[in-house]
Structures are given as C-alpha cells and as structure tokens.
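Trainee: Build the 3D model from these lines:
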Amino acid sequence: MRRSETAATVCINVNAAKITRQSKSNLALAFVSLGRERKRDITVFYAFCRVIDDIADSRELNVTEKNRNLDAWRRMLRTALSSEPSLAAEVRGLIAKYSLAPEMLDEIINGVEMDLHISRYGTFEELRVYCYRVASAVGLVSIEIFGYRSPVCKEYAIELGLALQMTNIIRDVGKDLQNGRIYLPQEDLARFNYSETELQDRQYNERFVRLMEFEAARARQFFERAAQLLPREDRHSMVTAEIMSSVHRGLLRRMELDKFRVFEKEYRLGKLEKAGRILTQLLRSL
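Mentor: Numbers count the residues shown, from 1 in each chain. Purely as a prediction, here's the structure:
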C-alpha cells in the first residue's frame, strides 16, 4: 500500500460519531435538534466533510498525495474499493437513501481541493465559488437529510452557506495567514487601501477595521437573504440550520462590537450563549 493510501486509512477509518464528538464545530452542537435516524445520517455526512477537509489540511501529505486521496473519495462515492474505510459504505448508503447525486458531494471535494492550488482570490465572485463549494453545497446535501417541502429551501441553503462561510473567513483571518492563505478578496483590500503586506504583518489600523466591516456587512446580507427565503412550511425541519445561523450571527456580532481583533483573539461563543441560542431556536420551531 502506498504511503498516501495508508495515511488516508489512518485519517478516515474512524467511526463517524467519534469524528463528530471530537469536533468543536457548532454544527455538531446543532445536531441536538434532530431525531435519532436523521441525527445518525447527518453525522455520517458530517464525518465525510471532516475527513476530506482533514486530507486537504494534512501536514503529513504532499499535494500529489492529497489529490490522490481526494480522487479516491470521488471513486468511493460511486463504487466500493478494496480496503476502503467503513465510512465510505455509509456515505454511499446516504446517497442511495436520499437519492443524492454524487456530483453534489463532488462539489464539496472540489471546494477543499481549491485550497491545494489557490491561496489568493482576486474578486469576490471568485471567492463565491469557493464558498459555494465548501459551505452552500454542504447545506444543499444537509437539507435533503433534514427533509423539506418547498424547492425554495434550496435557495435558502445556498444563501445561508455563503453567510456562514463569510463569517468563518472573517474569524479565521489570522489563522489562515499562518497557512499561507488569504481569503479576503484582493479587490477589497485595494478598495480600502490596505495592502497584503500590511495583512501579512498583521497591522491593525482603521483601514483594516473598515475592510472587515465591509466583509461583515456582506455576510449580514447573506444572513438576511436566507431568513427571507426560508419557507414557512420548512421552519421546523430547518431548525438545525437555523441554530447554525443563530450561532454564527452571534459570533459575527461579537467580532463587530470588538472591532475585529482577529489577529490577537480567537473568537467563539461561550457554552451558555450557545445553549441559549439553541434553546431559542428549538422553541421557535415548536
């Protein structure tokens, strides 16, 4: 077995529920709102997302090996491979159960693969493609598992995905710099006369704050569009997505009030605030 295959097996031959428990993601917390069967199914899908993301971010694999591992997952979405991890069969089970097009999951793989070859985005339209793949596509698969009635719910999932990912990009500016990545569009840096050199040097000044306020306003627009698009008949089934929305909106608000000190702080909501937001959404869904 080649080194890349061995590394992939070590990474992905982990129980889906264990992957979810070990993650600190807000998405894992939102699963509390689901029934047993849907919770099990979304946990499998979430584990798939974590695994391919971990492959792209691995420090043990080179780019060629990462591409090989991601290509293996593209094949495993469609057919069983020898010595494949148990998670692969579970993901194919989801594809069959919910009549998912494998291309929907391909988009997520395409998204994390962009991180292997792209470290800068000239325009927001270029960044939007990335956000769609790593977040909106996740939402489009998720709503199939949650169950929905109105086709407008797909537009809701797309807009909410863009909102969540933009919030993550704002929060992770400092961490992404450590990995050599800048997701803030170059056209936006130019708009506020804030250079990449200043960003690399982590210079915190008025121009940086205005840049981040601009990105935060963009994220809020996506949140607002999602809220407007959520069909009334799907409010109950989308409670998990609404929990995610509430937590990220709270995170965005906290960064705004603190003037985006993302170079020196790691922003997150406390357990009590998260619990309060989860409870609020659960009550609203009733």
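Trainee: residues touching the residue most central in space within the chain, list them.
Mentor: Against the mean C-alpha coordinate of the chain, by Cα atoms, centre = their mean, the closest residue is residue 135 at 4.3 Å. Neighbouring residues of residue 135 by Cβ atoms under 8 Å, 6 or more residues apart in numbering: 161-162, 164-165, 168. Where C-beta positions appear, they are placed from N, C-alpha and C, glycine not excepted.
Trainee: Look at it and give its secondary structure.
Mentor: Under DSSP: H, G, I helix; E, B strand; the rest coil, residue 135 falls in the helix class.
Trainee: same thing with residue 269?
Mentor: When classified by three-state DSSP, residue 269 comes out as coil.
Trainee: any idea what sits nearest it, other than its immediate chain neighbours?
Mentor: Among residues not flanking residue 269 along the chain, residue 250 sits closest, at 5.4 Å (Cβ to Cβ, 6 or more residues apart in numbering).
Trainee: What is the subsequent helix or strand relative to the helix or strand that neighbour falls within?
Mentor: Assigned by DSSP states H and E, residue 250 belongs to helix 239-257. Following helix 239-257 in sequence order, the next helix or strand is helix 271-285 (DSSP H and E).
Trainee: quick one: buried residues of that next one?
Mentor: For helix 271-285, burial by neighbour count (16 or more other Cβ atoms under 10 Å) applies to 274, 277-278, 281.
Trainee: nearest to residue 103, of those?
Mentor: residue 281 (31.0 Å; Cβ to Cβ).
Trainee: So which residues make contact with stretch 89-98?
Mentor: Residues outside stretch 89-98 that contact it (Cβ under 8 Å, 6+ apart) are 16, 41, 44-45, 48, 76-78, 80, 100, 102, 105, 144-145.
Trainee: Switch those over to a markdown table; also include distance to residue 262, secondary structure and pLDDT.
Mentor: Below are the contacts of stretch 89-98 laid out as a markdown table (distance: Cβ to Cβ, whole Å; DSSP: H, G, I helix; E, B strand; the rest coil; pLDDT from 0 to 100):
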| residue | distance to residue 262 | secondary structure | pLDDT |
| --- | --- | --- | --- |
| 16 | 32 | helix | 53 |
| 41 | 35 | helix | 94 |
| 44 | 33 | helix | 94 |
| 45 | 29 | helix | 95 |
| 48 | 29 | helix | 96 |
| 76 | 37 | helix | 97 |
| 77 | 35 | coil | 97 |
| 78 | 40 | coil | 96 |
| 80 | 44 | coil | 94 |
| 100 | 36 | coil | 97 |
| 102 | 37 | helix | 96 |
| 105 | 31 | helix | 98 |
| 144 | 34 | helix | 97 |
| 145 | 32 | helix | 96 |
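Trainee: Quick check: PyMOL command selecting the buried ones in those residues.
Mentor: A single PyMOL command selects the buried members of the contacts of stretch 89-98 (16+ other Cβ under 10 Å):
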select buried, resi 16+41+44+45+48+76+77+100+105+144+145
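Trainee: List just the nearest of the contacts of stretch 89-98 to residue 228.
Mentor: Relative to residue 228, the closest of the contacts of stretch 89-98 is residue 144; by Cβ to Cβ it sits at 21.8 Å.
Trainee: Next one: that closest one from residue 164, what distance?
Mentor: 18 Å (Cβ to Cβ, to the nearest Å).
Trainee: in stretch 61-77, what counts as buried?
Mentor: Result for stretch 61-77 [16+ other Cβ under 10 Å]: buried residues 61, 65-70, 72-74, 76-77.
Trainee: among those residues, which are in strands?
Mentor: Of the buried residues of stretch 61-77, none are assigned to strands by DSSP state E.
Trainee: which one of those is nearest residue 128?
Mentor: Distance to residue 128 across these (Cβ to Cβ) is lowest for residue 70, with 21.6 Å.
Trainee: May I have the residues that are in contact with the residue nearest to residue 269?
Mentor: 269, 273, 277.
Trainee: any idea which of those residues is closest to residue 153?
Mentor: Nearest member of the contacts of residue 250 to residue 153, counting by Cβ to Cβ, is residue 277, at 21.4 Å.
Trainee: Which pLDDT value does the model give that closest one?
Mentor: Here, the pLDDT recorded for residue 277 equals 80.
Trainee: Return the distance of it relative to residue 169.
Mentor: Counting by Cβ to Cβ, the gap from residue 277 to residue 169 is 21 Å.
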